[in-house]
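1. need the 3D shape of this:
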Amino acid sequence: MSEPSTKSPQYQLPLPWQHQLWSQLNNAWASQRMPHALVLHGTPGLGKGLLARWLAQAVLCDERGAELKPCGHCASCKLYLAGSHPDFVMLEPEEDKQQISVDQIRAANERLSMTSSRNGYRVTIIEPAHQMTVAAANSLLKTLEEPGHRSLIILVTAQLSALLPTIRSRCQQLGLATPSIAAAQAWLAKHTDKPVGPELLSFVCGAPLRALDYAQGRFAALQQSMSPGLQALSEGGAELTQIAHGWADDQLPERLNWLDGWIASRIRREILRTADPVTREPLQGAAQVLNISAMFQTLDKVRELKAQLRRTALQRELALETVLLMLQRALST
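-> Numbers count the residues shown, from 1 in each chain. Next up is the predicted model:
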């Protein structure tokens with residue numbers, strides 16, 4: 001188990017695209033219909049974890065008033081911000097581990113079964129919830145079936161379908177919607193002096209917090225690292241083994257996401273015969289006539305590889321060589 005960060009939220013909460021969901025939570029709280037368990041889900045980069053922590057602080061607050069909003073200065077808020085509130089548990093994968101263990105869940109269950117130390121709620125956040133082991137999920141299920149009085153469990157995940165159906169059915173599911181491109185750009189303009197174009201927002205699936213991270217130079221660096229290999233592929237003389245070796249690093253998931261968007265953009269451009277309004281074309285000498293069917297097959301292969309990376313270990317370079325060979329053939333006139 002770990003405790004909450006001692007830092008105050010960096011952004012004013014709730015974030016603009018979270019207002020509707022927060023209003024729903026406020027209404028449930030005001031009418032005394034707050035569920036005992038919630039699942040906050042949505043695209044990475046929408047601030048689900050920030051919202052979960054703010055909700056936890058609000059529920060634990062001694063002086064919140066009628067609105068579900070932490071005051072920030074009462075004894076409970078000070079304990080929470082100091083990372084020492086006795087009625088709050090934060091569950092994340094332990095250091096050097098990928099999953100949340102059954103022992104972590106059992107310890108949290110025990111804390112939830114105890115009487116509140118401050119005569120209020122007991123709150124547990126599990127993030128990312130889809131990384132619980134099967135044994136851990138089954139242990140949590142017992143608590144969800146028989147929740148304690150004035151207890152709240154908040155599960156945070158970007159992969160709702162990866163949670164056990166029995167877990168999902170015993171929680172109220174609250175999805176965070178992705179803001180429009182215009183709304184995202186308006187918010188980003190207040191928090192960065194870097195221009196954030198629609199091509200970057202497309203790459204991060206419209207998630208403003210991820211866009212803010214990539215806008216600090218990461219996205220430009222990724223584009224620059226991908227362009228030479230794609231240029232060589234388009235010209236037909238690429239050394240596939242060399243490109244695969246260069247791409248099969250820790251950035252491979254990002255590279256595949258970028259490649260996914262780039263291939264989709266090339267398909268749109270070829271079909272519409274016009275410049276793509278979303279993804280900027282990084283190649284100047286790309287072939288103007290493409291094998292559309294082969295491009296779709298390559299896109300499917302890229303997405304298959306992305307899914308495999310999330311589930312299992314695999315020979316990255318060999319898998320990449322297959323994708324690169326398909327892409328090279330598809331880019332031929």
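2. would you map out the domains in this protein?
-> Listed domain ranges for the chain are 16-175, 181-214, 218-330 (source: automatic domain parsing).
3. distance between the last one and the chain's centre?
-> The reference is to domain 218-330. Relative to the centre of its chain, domain 218-330 is centred 23 Å away, using CA atoms, centre = their mean, to the nearest Å.
4. then the shortest one?
-> Between the centre of domain 181-214 and the centre of its chain there are 15 Å (CA atoms, centre = their mean).
5. got the buried residues for that domain?
-> Along domain 181-214, these residues count as buried under the neighbour rule (16 or more other CB atoms under 10 Å): 184-185, 187-188, 194, 196-212, 214. In this view, the C-beta of every residue, glycine as well, is placed from N, C-alpha and C.
6. hey, where'd the strands end up in the chain?
-> 37-41, 88-91, 122-126, 151-157, 172-175 (DSSP state E).
7. tell me which of these sits most buried.
-> Between the strands of the chain, strand 122-126 has the highest mean count of neighbours, a mean of 26, where neighbours are mean count of other CB atoms under 10 Å.
8. what's the pLDDT at the nearest residue to Val156 once chain neighbours are set aside?
-> Using CB to CB, 6 or more residues apart in numbering and skipping the chain neighbours, the partner closest in space to Val156 is Glu127 (3.8 Å). For Glu127, the model assigns a pLDDT of 97.
9. touching, Glu127 and Leu51? I think so.
-> No. Counting by CB atoms under 8 Å, no contact exists between Glu127 and Leu51, whose distance comes to 11.0 Å.
10. neighbour-wise, which of these two wins?
-> Neighbours per residue, other CB atoms under 10 Å: of Glu127 and Leu51, the larger number sits with Leu51, 24 against 21.
11. ok, Cys71 - contacts?
-> Counting by CB atoms under 8 Å, 6 or more residues apart in numbering, Cys71 touches Cys61, Asp62, Glu63, Arg64, Gly65, Cys77.
12. counting neighbours, what do you get for the closest residue to it other than its chain neighbours?
-> Leaving aside its chain neighbours, Cys71 sits nearest to Glu63 (4.5 Å; criterion: CB to CB, 6+ apart). Neighbourhood size, Glu63 [other CB under 10 Å]: 12.
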